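In: A structural model of the following input is requested.
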Amino acid sequence: MNLVNKEYHRRARVLLENWQDSRGVSTGFEVSTDKSLATIIELNLLGADASISEVNKLCKFAREHGLAGIGVNPVHVERCIQTLGDDVPIGTVIGFPLGANHPQIKVAEAELAVKHGARSLSMVLNIGLLKTSNFQEVFEELRAVRYACPDADLIVILETALLEPLQIIIACMLSREAGADAVMTSTGFSSMGATPEDVSLMRSVLGDDLDVVASGGITDSDSIVGLLKAGASRLTIGFSSTDDTLSGLIKYAD
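Out: Numbering: from 1, shown residues only. Coordinates of the predicted model:
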């Protein structure tokens, strides 16, 4: 392990110890009954079988509820822009869902998405490189996308279910240093989504500088409150036009 990687591990261990010592101290969002949470909720429709009809329903739903934004696969960005205009911010995914694309492909995806009108880019970090301590390569990839699309909101997806606490910390450190705007817990395609513990750990590393986006496994109002109290500043929920519980969650948020 080179000196740079050793230093990352050293710093991460200190941050982990500090977080463990401060567990139980609430530093998250204060849930207020008189404030709408819809402004921090984004709905995603990222399944391989997502139809144009469902995409259109997503756009209608998001506009009606005044949500923070929607996330769709790259092929649907232009369609959503034509439907929503500037009413609701449109986001898309980069290197999704595995994060193992070549860096040049991620850059090209990001550039094309912005050209088509995407305002936010949720990029899956290269998990394999992170887990084998190839931190410089991870950083360079993140930085390349940041440089290619300086005006877009860059969100780095970690897939926390596959990472150990030290790896989550280092991923957050690299994301901050590369110029990301936010760090997201999960793609929603792995074994587990956001947990209050992972959100709390991420917030302890990022402080107030970057948004922490909780994604995956958000199914009821209790999970919303728990993640916000843990430190999430934004929430990403999967959209299904046939899921009655979604309207209930949004109603709760309103």
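In: Pull the contacting residues for Asp49.
Out: Not one residue lies near Asp49 by Cβ atoms under 8 Å, 6 or more residues apart in numbering. Using the backbone N, CA and C atoms, a C-beta is placed for each residue, glycine as well.
In: just Leu163 next, same as before
Out: By Cβ under 8 Å, 6+ apart, the contact set of Leu163 is 127, 130-131, 171.
In: can you do 7 Å?
Out: Going by Cβ atoms under 7 Å, 6 or more residues apart in numbering, Leu163 touches Ala171.
In: how near is it to Leu130?
Out: 7 Å (Cβ to Cβ, to the nearest Å).
In: Mutual contacts of those two, please.
Out: Ala171.
In: which residues sit against the host helix or strand of Glu7?
Out: Glu7 is part of helix 3-21, with elements assigned from DSSP states H and E. Helix 3-21 is contacted from outside by 133, 135-136, 165-166, 169-170, 173, 201, 204-205, using Cβ under 7 Å, 6+ apart.
In: Give the other helices and strands that the helix or strand containing Val199 contacts.
Out: Assigned by DSSP H and E, Val199 falls within helix 196-206. Using 3 or more Cβ pairs under 7 Å, 6 or more residues apart in numbering; DSSP states H and E as the contact test, the elements touching helix 196-206 are helix 3-21, helix 165-178, strand 211-215, helix 221-230.
In: If you count neighbours, what's buried in the third one?
Out: Right, the one you point to is strand 211-215. In terms of neighbour count (16 or more other Cβ atoms under 10 Å), strand 211-215 has its buried residues at 211-215.
In: mind putting those in CSV, pLDDT and distance to Ser221 included?
Out: Below are the buried residues of strand 211-215 laid out as CSV (pLDDT from 0 to 100; distance: Cβ to Cβ, whole Å):
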residue, pLDDT, distance to Ser221
Asp211, 97, 21
Val212, 98, 19
Val213, 98, 18
Ala214, 97, 14
Ser215, 96, 17
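In: for the residue nearest to Ile40 when sequence neighbours are not counted, what are its contacts?
Out: Spatial nearest neighbour of Ile40, excluding adjacent residues (Cβ to Cβ, 6 or more residues apart in numbering): Arg234 at 4.9 Å. By Cβ under 7 Å, 6+ apart, Arg234 lies in contact with 40, 42, 68, 182, 211, 213.
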